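Participant: A structural model of the following input is requested.
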Amino acid sequence: MVLAWLGPLAQSCREKLAGTVIRLTGTNHVLGHRLWAKSFPKPARKLTIPYLIIGGGITGLSAARQLVKRGVDDFLLIEMEDHLGGNSSGSENKYSRFPLGAHYLPLPNFHDKELLDFLEEEKIITGYNAKGFPVFDEQQLTFSPQERLFYNNTWQEGLIPKFGLPPEADDEFGRFFMMMDNFRNEKGSDGKFFFDIPLSSISEDKKYTAIDMITMEQWLNDKGFRTLPLKEYIDYCCRDDFGLGIAYVSAWAGIHYFAARKHNGGEYNHDNVLTWPEGNARLATHLKRYNKGKTQTGWLAFDVSTEGDKVIAKAFDAVAGETVTIAADKVIIAAPQFVNQYLLPDRKKIARHFTYAPWLLATLTLREFNEEPAYPLSWDNVIHGGRGLGYIHDQHQMLGQLQDRIVITYYHSFSTNDSKKTRKDIYRKKEDYWKDLVLSDLHAAHPSLAEKVEEISIHLLGHGMISPTPGFLFGSPKVEAARPVAGKIYFAHSDLSGISIFEEAFHQGVNIVNRILDEAALDT
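Facilitator: Numbers count the residues shown, from 1 in each chain. Next comes the predicted model:
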């Protein structure tokens, strides 16, 4: 990953950005890396609690909500970071809030009643119409214009090239989407969809599980898809949802991207999405109200074991600089497997089968944005063939559309066959390196952008999201990782589904709490 090919362009960007404020942030990997050495002081105090949740991402927050909804309010949630939300976090400057991770939620499938109920609780769904369809708060649906694509040196509406395609590419797009429609509607012998959200709802019919063993690229080739525009579009989609492109992700996952969403979550605007200036941090905020007064941030769990009828968890309180022992009846570990391998013995052999793609987000504050493109600045703006995934306009959902500055957030996933090496590399790079990477990628569509940048906030996610590589989704390591320990330690996280989207994390939390409480009810 080098920028030597930029040459004069990188130098020009540096000159134009003289005096620009550049900030580099990321997850608290320094504290997290202490898990390797286990250099923590001896326990200074002890807490006793019926239920402990380790991890304050969407799964942990969802689990807390489900405990409350099931009548349990005696629990504690601990989180290593100084905030909750995980990859659904956000930040703000004096001009706008902006995301530090996931930034939208597609309209849920109509049969996903659990998620629809949550959205209704939080007034994102304002009611249901005479035909039974949910009515979404229009201020939380993407405003128009929603999406645009820079293709063949001009902007056009939507993310699929509409103009300038060779006839054979046009035909392949049509054939591909027809196949995806068939996958979207097909059900197995048990009456369940082959492709659905969450994955816990899919058919047990094994008709298509074999395609999990090959890459999406191989599947496309096997089906006779040859044209570059189609492959570049599908590669973009896979990088957007999985962090890795078609050369590295499972074909089953690639098809799931297009077929799992049924586009039936509303009577109109089937392809619309819910979004907010801070992205899915808004959803995390809604979930946080269920664990108010039951949370400790800056607490790093580093050892979990069973002693008699209790689970003993040790956590380092980074603020107080002391270790706390927590004795619980049941523990939900809502942390990814690259963390879990340090919490319990014999987990490293499981964790090595989990691949996590690194990500970079860069939020740019611009003095102006007046290039007057043929198709105007949209919520989502993608440069065809770009190294990154384009950028979103963070202020797009603001009702007051006159701002002193324009704030955009650029997304870049590192699609590679060696995520571990790339992860090490990105933490060695300095601010100037990332500034050059971001601006060089945006230069094709915005050649004068560097002159307008007032501030760049760069956010690195070393383990950005789980990536479903071939053989992972239906493989035994994933099953083994989710298996409870001693009937007391339970696991829930989006990486246990293999698809890193809000819905999966949300349902992981709901399902694990239901399992624990239902098992307890049977025991009594």
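
Participant: can you give me the helices for the stretch 401-524 of the chain?
Facilitator: Counting by DSSP state H, counting those that start in this stretch, the segments of the stretch 401-524 of the chain that form helices are 419-426, 431-442, 476-482, 502-523.

Participant: Pull out the buried residues from the third one.
Facilitator: The neighbour-count criterion (16 or more other Cβ atoms under 10 Å) identifies 477-478, 481-482 as the buried residues of helix 476-482. For glycine as for every other residue, the C-beta is placed from the backbone atoms N, C-alpha and C.

Participant: and that helix, what does it pack onto?
Facilitator: For helix 476-482, the packing partners by 3 or more Cβ pairs under 8 Å, 6 or more residues apart in numbering; DSSP states H and E come out as helix 348-351.

Participant: how much does the next helix or strand after the helix it packs on deviate in direction from helix 419-426?
Facilitator: Toward the C-terminus, helix 348-351 is succeeded by strand 356-366 as the next helix or strand (DSSP states H and E). Per axes from the mean of the first three to the mean of the last three Cα atoms, to 10 degrees, the angle that strand 356-366 makes with helix 419-426 is 40 degrees.

Participant: Now do the buried residues in strand 356-366.
Facilitator: Neighbour counts over strand 356-366 (16+ other Cβ under 10 Å) mark 356-366 as buried.

Participant: now swap in stretch 160-175 and tell me
Facilitator: Using 16+ other Cβ under 10 Å as the test for burial, stretch 160-175 gives 161, 165, 169, 172-173.

Participant: Just name the closest of the residues you listed to Thr285, please.
Facilitator: Taking Cβ to Cβ as the measure, Thr285 sits nearest to Pro161 out of those, at 36.8 Å.

Participant: distance of the closest one from Glu168?
Facilitator: 13 Å (Cβ to Cβ, to the nearest Å).

Participant: now do Ala130
Facilitator: Separation of Ala130 from Glu168 (Cβ to Cβ): 46 Å.

Participant: same thing with Leu116?
Facilitator: Distance, Leu116 to Glu168, using Cβ to Cβ: 41 Å.

Participant: Kindly report the same for Ile49.
Facilitator: Counting by Cβ to Cβ, the gap from Ile49 to Glu168 is 63 Å.

Participant: Dump the C-alpha coordinates for stretch 155-174 into PDB.
Facilitator: Output of stretch 155-174 as PDB, limited to C-alpha atoms (Å, rounded to 0.1, in the frame of the first residue of the first chain):
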ATOM      1  CA  TRP A 155     -21.900  12.400 -12.300                       C
ATOM      2  CA  GLN A 156     -25.100  10.500 -12.800                       C
ATOM      3  CA  GLU A 157     -28.000   9.500 -10.600                       C
ATOM      4  CA  GLY A 158     -27.800   6.200  -8.700                       C
ATOM      5  CA  LEU A 159     -24.900   3.900  -8.200                       C
ATOM      6  CA  ILE A 160     -25.400   1.700 -11.200                       C
ATOM      7  CA  PRO A 161     -23.900   3.100 -14.400                       C
ATOM      8  CA  LYS A 162     -26.700   4.200 -16.700                       C
ATOM      9  CA  PHE A 163     -24.900   6.000 -19.500                       C
ATOM     10  CA  GLY A 164     -21.800   4.900 -21.500                       C
ATOM     11  CA  LEU A 165     -22.100   1.200 -20.900                       C
ATOM     12  CA  PRO A 166     -21.300  -1.200 -23.700                       C
ATOM     13  CA  PRO A 167     -24.300  -3.200 -24.800                       C
ATOM     14  CA  GLU A 168     -22.900  -6.500 -23.400                       C
ATOM     15  CA  ALA A 169     -22.500  -4.900 -20.000                       C
ATOM     16  CA  ASP A 170     -26.100  -3.600 -20.100                       C
ATOM     17  CA  ASP A 171     -27.300  -7.100 -20.800                       C
ATOM     18  CA  GLU A 172     -25.200  -8.600 -18.000                       C
ATOM     19  CA  PHE A 173     -26.600  -6.100 -15.500                       C
ATOM     20  CA  GLY A 174     -30.100  -7.200 -16.500                       C
END
